[in-house]
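1. Okay, sequence plus prediction incoming.
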Amino acid sequence: MNWLTLFGLVAVTAMLVCYALEARSHWFILGFAFACGLGSAYGFLQGAWPFGVVEAIWALVAGRRWFLVRLWTRGCRF
């Protein structure tokens, strides 16, 4: 197993764990966004740019969701 494969394994495992625990804390949503960013980097480094693009979009969606949930928990209602 080379370093790139290990990096991808860690990124995808972190995504899975954070996604499973999202309901417990908004920090897991942020962790999921960060892990998606790592997954995107892995996709681009591996040469699978469509995977990298999709993971980057997921990172943005999760980051936005973290921001909105954080606002909601602080009492800012839309």
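-> The structure has been received and is ready for your questions.
2. Show me what the helix of greatest length in the chain is packed up against.
-> Determined from DSSP state H, the single longest helix within the chain is helix 49-73. Judged by 3 or more CB pairs under 8 Å, 6 or more residues apart in numbering; DSSP states H and E, the packing partners of helix 49-73 are helix 26-46. C-beta coordinates here come from the backbone N, C-alpha and C atoms, glycine included.
3. Okay, buried residues for the helix it packs on please.
-> Buried residues in helix 26-46, counting neighbours by 16 or more other CB atoms under 10 Å, are found at 26, 28-43.
4. sorry, back to before: which other residues reach the longest helix of the chain?
-> Contacts of helix 49-73 with the rest of the structure, by CB atoms under 8 Å, 6 or more residues apart in numbering, involve 26, 29-30, 32-34, 36-37, 39-44, 78.
5. between the residues you listed, which is nearest Met1?
-> Nearest to Met1, judged by CB to CB, of those is Tyr42 at 13.7 Å.
6. how much space is there between the closest one and Val54?
-> 12 Å (CB to CB, to the nearest Å).
7. Excluding its own residues, what touches stretch 8-25? List them.
-> 1, 28-29, 31-32, 34-36, 38-39, 41-42, 46.
8. Now for these: which two are most distant?
-> Met1 and Ile29 (29.7 Å).
9. could I get stretch 6-15 in PDB with only the CA atoms?
-> Output of stretch 6-15 as PDB, limited to C-alpha atoms (Å, rounded to 0.1, in the frame of the first residue of the first chain):
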ATOM      1  CA  LEU A   6      -3.400   5.200   2.600                       C
ATOM      2  CA  PHE A   7      -4.300   8.900   2.300                       C
ATOM      3  CA  GLY A   8      -7.500   8.000   0.300                       C
ATOM      4  CA  LEU A   9      -8.400   5.300   2.800                       C
ATOM      5  CA  VAL A  10      -8.000   7.700   5.800                       C
ATOM      6  CA  ALA A  11     -10.000  10.400   4.000                       C
ATOM      7  CA  VAL A  12     -12.900   8.100   3.100                       C
ATOM      8  CA  THR A  13     -12.900   6.500   6.500                       C
ATOM      9  CA  ALA A  14     -13.100   9.900   8.100                       C
ATOM     10  CA  MET A  15     -16.000  10.800   5.800                       C
END
